[in-house]
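Asks: No sequence on hand, only this structure:
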């Protein structure tokens, strides 16, 4: 039995959707969906329908695209209400979310606790001399403004910063309780947990929409074996303090080689064999 992961399917793109339809069956294996399935509820539903036929168990965490409110309007669910709606859809299909009890993956005598998380970001991945309230303005100076500023609402929180703080507090409290048994954990979040993994070479100032310093050392605070994330569209395996970090995004059609198929981009998380940094094209 294996645990695979992938993120950033972006199913609004036809070629990505067709690649998902062509994915082979892995009847004994589990899969992690680390966010950005698509912007519509239907994107999530069709992904879960197709993947439930191919995998034994599915884990999901939201990405920023999943949380966008489209089209803008008074009847559209926003913020936490939208997130809770997506959680309810996952539960219709037996998919585990950041709101569910953590489960144990066990194979050949090895145990790992699978930990889906939803943490968001708070603009703290910025130079120290830039005030928090100037972070978006600083990024905009380089021609970069994330669409989240228009479509990702924080309701009922006053800001995304406040929402991020609440999510980090909630998750950290759970991790403290769950780490008592010292079972190694696989942490799953759409956004990277560390600043040094949150910089796109072409758009370095996009980092302000990529995470929070609150999680910088979670991989050492808790008994963590692997951290799974996406968002950056920069696939790779990295190591910090003996912990394996896996960026598992597929990305937009320009970000992957179509002839290889989506199965080529499924990352094996467990048992896992990477022992040194790797980049995946």
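Replies: Cool, got the structure. Predicted model only: the values in this text are computed from it and were never measured. Residues are numbered from 1 along each chain as shown.
Asks: any idea how far residue 129 is from the residue nearest to the spatial centre of the chain?
Replies: Centroid check for the chain by C-alpha atoms, centre = their mean gives residue 190 as the closest residue, at 1.7 Å. According to C-beta to C-beta, to the nearest Å, residue 190 and residue 129 sit 28 Å apart. All C-beta spots, glycine's among them, are computed from the backbone N, C-alpha and C.
Asks: Residue 32 too?
Replies: Shown here: residue 32 relative to residue 129, a distance of 37 Å by C-beta to C-beta.
Asks: coming back round to it: tell me if I'm right that the residue nearest to the centre of the chain and residue 67 touch.
Replies: No: judged on C-beta atoms under 8 Å, residue 190 makes no contact with residue 67 at a distance of 9.5 Å.
Asks: Check which helix or strand the residue nearest to the centre of the chain maps to.
Replies: Assigned by DSSP states H and E, residue 190 belongs to neither a helix nor a strand.
Asks: do the one 10 residues further on as well
Replies: Here residue 200 is covered by no helix or strand, with elements defined by DSSP H and E.
Asks: next SSE after the strand or helix carrying residue 43?
Replies: For residue 43, the element it lies in under DSSP H and E is helix 41-52. As assigned by DSSP H and E, the chain's next helix or strand after helix 41-52 is strand 55-60.
Asks: before we move on, the earlier item: so between residue 32 and residue 129, which is more surrounded?
Replies: The neighbour comparison of residue 32 against residue 129 (other C-beta atoms under 10 Å) goes to residue 32, with 29 against 7.
Asks: Just say helix, strand or coil for the more buried one.
Replies: strand (DSSP: H, G, I helix; E, B strand; the rest coil).
Asks: Surely it and residue 51 touch.
Replies: No: counting by C-beta under 8 Å, residue 32 does not reach residue 51; the two are 10.7 Å apart.
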